[in-house]
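[1] the sequence and its predicted three-dimensional model are supplied below.
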Amino acid sequence: MTSFRKIAVPAACVLVICGAALLLWPVYKQKAIERKLAEAARVCRVRAEQGDADAQSRLGNMYCDGKGVPRDYAEAVRWFRKAADQGDAGGQRGIASLYYHGKGVPQDHAEAVRWYRTAADQGDAKGQYYLGSMYYYGKGVTQDFTEAVRWYRKAAEQGDAMAQNGLGYMFVYGQGVPQDDAEAIRWYRKAAEQGDAMAQSYFGYAYAEGKGVPLDWPESVRWYRKAAEQGDAKAQYALGYMYRHGRGVEMDYAEAAGWYRKAAEQGYAMAQSELGYTYEAGKGVMQNYSQAARWYRQAADQGDAMAQCYLGDFYACGRKGVPLDLVQAHMWTSLGASHANGELKETCAKSLALYTKMMTPDQIADAELRANEWKRRAQSTAATRGNSER
């Protein structure tokens, strides 16, 4: 017995120490990273203060990101400007970005364009790409797709994946160039082979639809998976769709639900709507009306017509997860019907007519008022989002 205690006590101590070490290891690791970043910032500052333009630009980035130094956009502006005044393209792009977003300086898209152009004119590929984007969105300049294509092409020919992706997009939709699926595929392929997730996602779509390439579902799955594993929400949703319908892979509802969830948690409305359906139907997950209502609501709030119609049905039936509420049912169904298409639009219209028969005039007026208020909020949100996009 004594021998057992002699062995057991030290063993228990070892387990406690090991457990504590495992718990504290992430803390120690984070502290070590912070020390390395702080030392890198110190060395960078020494070089920056000696007039090294590259170090000045990198120090500006450190202040933007809060790495090695406290985040301070005013300091970022100061160091970017020092680098930019010496002709450093990274500094010029850095100060352009701060003017674009209004961080550390008043927001000024025209000034952002001026600095992006300065970088672009000296052949900086990223500056050329961002200048093309300013022309594409009409930020600080008159919107001009032809000019956007010109700058995208300059950057794309230097191998910039984002510009190659952008140029592919222009050929898909015929913006600034004649519509040309083959040329779109050529540029998307260049970006995809560099690991650009958006281009990989487009390749998944192209092979799924036979657009510019032969229809090939297994190849579509392969490209969607590449993008999805990088966190691309659209590709995650599409991969979930392929698993749900057994296209290019064996049908697997659980796998579909897993990919829908990844996209849904990033705020992708179509995935949220599909995830809501998987919970409602119990396909790939345990049936759960509360979870279904939760995901339908998130998608409906973003304007997804299917989710709005399904959420309206939940309120009309008083399903688990939401109370019976004909005003809410009318509101959501009318919103869904207003921009649904085909069979879904017909279904919404029939449901709406049925709910209307069951409601008082005051209830109908209340539902219409709520729907109009929702539309106003949605328009305001869309306008705000448009102003913040690059």
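    That came through, no problem.
[2] ok, residue 255 to residue 357 distance?
    With distances taken as Cβ to Cβ, to the nearest Å, residue 255 is found 43 Å from residue 357. For every residue, glycine as well, the C-beta is placed using N, CA and C.
[3] these two: who's more crowded?
    Relative neighbour count places residue 255 above the other of residue 255 and residue 357, with 17 against 6, counting by other Cβ atoms under 10 Å.
[4] hang on, the more buried one packs against residue 242?
    No - counting by Cβ atoms under 8 Å, residue 255 does not reach residue 242; the two are 9.4 Å apart.
[5] overlap in contacts of these two?
    Here residue 255 and residue 242 share the contacting residues residue 249, scored by Cβ atoms under 8 Å, 6 or more residues apart in numbering.
[6] buried stuff in whatever helix or strand residue 315 lives in?
    Of the helices and strands defined by DSSP states H and E, residue 315 is found in helix 305-317. Neighbour counts using 16 or more other Cβ atoms under 10 Å place 305-316 of helix 305-317 among the buried residues.
[7] what does stretch 39-46 give?
    40-41, 44-45.
[8] chain center to that stretch, what's the gap?
    Between the mean C-alpha location of stretch 39-46 and the chain-wide mean there is a distance of 33 Å, by Cα atoms, centre = their mean, to the nearest Å.
[9] what's the mean pLDDT across that stretch?
    Looking at stretch 39-46 alone, the average pLDDT works out to 84.
[10] please apply the same query to stretch 265-279.
    Taken as a whole, stretch 265-279 has an average pLDDT of 97.
[11] hey, C-alpha coordinates of it in PDB?
    Provided in PDB are the C-alpha atoms of stretch 265-279 (Å, rounded to 0.1, in the frame of the first residue of the first chain):
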ATOM      1  CA  GLU A 265     -22.200  31.600 -39.900                       C
ATOM      2  CA  GLN A 266     -20.400  34.000 -42.300                       C
ATOM      3  CA  GLY A 267     -23.800  35.700 -43.000                       C
ATOM      4  CA  TYR A 268     -24.400  34.200 -46.400                       C
ATOM      5  CA  ALA A 269     -28.200  34.500 -46.800                       C
ATOM      6  CA  MET A 270     -28.800  31.700 -49.200                       C
ATOM      7  CA  ALA A 271     -27.000  29.300 -46.900                       C
ATOM      8  CA  GLN A 272     -28.900  30.500 -43.900                       C
ATOM      9  CA  SER A 273     -32.100  29.900 -45.700                       C
ATOM     10  CA  GLU A 274     -31.000  26.400 -46.800                       C
ATOM     11  CA  LEU A 275     -29.800  25.600 -43.200                       C
ATOM     12  CA  GLY A 276     -33.200  26.700 -42.000                       C
ATOM     13  CA  TYR A 277     -34.800  24.200 -44.300                       C
ATOM     14  CA  THR A 278     -32.500  21.400 -43.200                       C
ATOM     15  CA  TYR A 279     -33.600  21.900 -39.600                       C
END
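[12] who's in contact with that stretch?
    The set of residues external to stretch 265-279 that reach it, using Cβ under 8 Å, 6+ apart, is 231, 233-234, 236-237, 240-241, 244, 253, 256-257, 259-264, 283-285, 287-289, 291-296, 298-299, 302-304, 306-307, 310.
[13] in helices, which of those appear?
    Using DSSP state H, 233-234, 236-237, 240-241, 244, 253, 256-257, 259-264, 289, 291-296, 298-299, 306-307, 310 are the members of the contacts of stretch 265-279 that sit in helices.
[14] packing partners of the helix or strand harbouring residue 189?
    Element membership of residue 189 [criterion: DSSP H and E] is helix 181-193. Other helices and strands packing on helix 181-193, by 3 or more Cβ pairs under 8 Å, 6 or more residues apart in numbering; DSSP states H and E, are helix 161-173, helix 197-209.
[15] now the element after the one helix or strand in the chain whose mean pLDDT sits lowest, going C-ward?
    Within the chain, confidence by mean pLDDT, DSSP states H and E is lowest for helix 2-49 among all helices and strands, at a mean of 69. Per DSSP H and E, helix 2-49 leads on to helix 53-65 as the next helix or strand towards the C-terminus.
[16] now that next one: mean pLDDT?
    Mean pLDDT, computed over helix 53-65, is 91.
[17] can you pull the buried residues of that helix?
    53, 55-64.
[18] can you list the weak-confidence ranges in the stretch 251-390 of the chain?
    382-390 (pLDDT under 70).
[19] give me that answer again for 80
    Counting by pLDDT under 80, the low-confidence segments of the stretch 251-390 of the chain come to 319-321, 380-390.
[20] quick revisit: could I get the buried residues of stretch 39-46 as JSON lines with distance to residue 325?
    Shown next, in JSON lines, are the buried residues of stretch 39-46 (distance: Cβ to Cβ, whole Å):
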{"residue": "40", "distance to residue 325": "57"}
{"residue": "41", "distance to residue 325": "56"}
{"residue": "44", "distance to residue 325": "59"}
{"residue": "45", "distance to residue 325": "60"}
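[21] between those, which is nearest residue 140?
    Sorting the buried residues of stretch 39-46 by how near they are to residue 140, with Cβ to Cβ, puts residue 44 at the top with 30.3 Å.
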